[in-house]
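**Student:** I'd like to go over a predicted model; first the sequence, then the structure.
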Amino acid sequence: MNIPVRRGTEVKAGRGTELRCKGWRQEAILRLLENNIENAEAPDNLVVYMSIARAARDWSSFDRIVATLAKMREDETLIMQSGKPIGVFPGQATTPLVIMANGNLVGDWSGEESRRKLDDMGLTVYPGMTAAAWQYIGSQGILQGTYETFMAAARQHFGGTLAGRLLLTSGCGGMSGAQPLAGKLAGASTLVIEVDQARIDRRIASGYCDATTSNLDEAVARWQAAHDAKQPLALALCANSAAVLPELARRGIVPDIVTDQTFPDPLKGYVPAELTLEQARAMRQDDPARLMALARQSVATHVRAMLDFPEFFKAGVAQVAPGSPHAVYPDFEEYQGVPVYSDGSEWRSKPDEVPANWKSLDLEEQAGRLQGHLMIQVGEEDENVLPASTLRFADALMKADKNFELILVPNANHVLNFGPPPQYLLRRGWDWLVRYLRD
């Protein structure tokens, strides 16, 4: 049977008993692929979710996949490489119909810029968890896990229910869109911040959000009213999290649970606080470097605001640097950590290369803000963030009477290579987390 060429919203998953392939196993896989596109956030571009996670590398690859599945026998196997069909090989009736490897990058090619370059050249695809594997079933696929996560927090910290609790999160896309409904099902007064009104409207249409507003004062009033009445709520605020979270912290509004599912890709994901969604889309073409710089600044602002809420962390293990990606470290391309403990004076060999915000860090102020229990593992021969910087932070932690443990790893470098067997540090870190997270 010839399957017509389709694009974007024309792609619908097959229904009923009509068989378009040579067997139901092939038909089932074809319907999985079609269902991915039918439920995609941007079907015209094959983007299923996360702004870049695609079901196929391009439409030509999609057409070839469909045509191949339609004519394959059950004793053949289709080989897929990052969204592109490579070949069909003979097998037997019990071998897999499709074998795929998606988005696998190693070594020097695994960084953000390398991935983006290979993607732009049509040599790979960003697969997500289920997009390129043809397993996406819409936000319902992540709803149960998100609900269970919220309920685990309820059981451990709030007496088994989130009724009368404020839950704050960000992101309302294909995956993150499960959050408002999951929070409501768990009993929480849930506020989700999303910069794209179209995504919010889609969640409202599917019943995952109760209502939406673009007015912060209105959102806060409704959010807190539901909290006071112990009524579950799924409310979406169309705004930028990098602007809203600092303002909530400034107003002294402290949620009971803070989480986040925005996609921090600086080019095709996170929208800078200084720009509208339309401006960011235009800058993506006109000035991508400027867009990425602004997006990284906003991501840092967003993360700092999350950290401003008290008792955000209960326990943590920091290898080299305690923190979260690019929260205070401006050179994200070179280093993925956040050395909040360092004043920067010994990070680089040239004083004029030391980032200004490192020089201004107050170690005692940073230590005083620490909540929870911290283990720091640092290499004795670290030439990037010298152990002396960590020791200064340890001194500040002691003066602030904070609970922490410091492991100085002999012969280890910045990434803790060439030291003891890795299972030793993993075991120590695991024991630390188990000890304090079970309290």
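**Tutor:** Happy to help now that I have it. Residues are numbered from 1 along each chain as shown.
**Student:** what's the neighbour count on the closest residue to Gln231 other than its chain neighbours?
**Tutor:** The shortest distance from Gln231 to any non-neighbouring residue, by Cβ to Cβ, 6 or more residues apart in numbering, is to Ser189 (7.1 Å). (C-beta placed from N, C-alpha, C; glycine too.) Other residues near Ser189 come to 29 when the count uses other Cβ atoms under 10 Å.
**Student:** and the gap between Ser189 and Gly171?
**Tutor:** According to Cβ to Cβ, to the nearest Å, Ser189 and Gly171 sit 18 Å apart.
**Student:** ok, now Gly316?
**Tutor:** 23 Å.
**Student:** which one's more surrounded, these two?
**Tutor:** Looking at Gly316 and Gly171 with other Cβ under 10 Å, you find the greater number of neighbours at Gly171, namely 24 against 20.
**Student:** next up, phi/psi of that one, please.
**Tutor:** phi 100, psi 130 (degrees, to the nearest 10).
**Student:** can you classify Val192 by secondary structure?
**Tutor:** Secondary structure state of Val192, per DSSP: H, G, I helix; E, B strand; the rest coil, is strand.
**Student:** tell me the spacing between it and Ala226.
**Tutor:** Distance from Val192 to Ala226, counting by Cβ to Cβ: 13 Å.
**Student:** got any residues that touch both of these two?
**Tutor:** Common neighbours of Val192 and Ala226 (criterion: Cβ atoms under 8 Å, 6 or more residues apart in numbering): Leu235.
**Student:** more neighbours, those two?
**Tutor:** The residue with more neighbours, out of Val192 and Ala226, is Val192; 30 against 23, by other Cβ under 10 Å.
**Student:** in the protein, what secondary structure element scores lowest on mean pLDDT?
**Tutor:** Comparing every helix and strand of the chain by mean pLDDT, DSSP states H and E singles out helix 356-359 as the least confident one, with a mean of 50.
**Student:** next structured bit after it?
**Tutor:** Going down the chain from helix 356-359, the next helix or strand is helix 363-369, by DSSP states H and E.
**Student:** counting contacts, what elements does the helix or strand following that next one pack onto?
**Tutor:** Later in the chain than helix 363-369, the nearest helix or strand by DSSP H and E is strand 373-379. Contacts defined by 3 or more Cβ pairs under 8 Å, 6 or more residues apart in numbering; DSSP states H and E place strand 373-379 against strand 315-319, helix 387-399, strand 404-409, helix 422-437.
**Student:** partner strands of strand 373-379, with direction?
**Tutor:** Strand 373-379 has the following strand partners under DSSP bridges: strand 315-319 (parallel), strand 404-409 (parallel).
**Student:** show me what the longest one is in contact with.
**Tutor:** Under the criterion Cβ under 8 Å, 6+ apart, residues 370, 373-380, 387, 390, 394, 397, 416, 419-420, 425, 428, 432 lie in contact with strand 404-409.
**Student:** please point out which parts of that strand sit buried.
**Tutor:** By neighbour count with 16 or more other Cβ atoms under 10 Å, strand 404-409 contains the buried residues Phe404, Leu406, Ile407, Leu408, Val409.
**Student:** quick check, nearest of the residues you listed to Leu277?
**Tutor:** Phe404 (41.6 Å; Cβ to Cβ).
**Student:** just the helices in the stretch 1-150 of the chain please.
**Tutor:** Using DSSP state H, counting those that start in this stretch, the helices assigned to the stretch 1-150 of the chain run over residues 24-38, 59-71, 112-120, 140-157.
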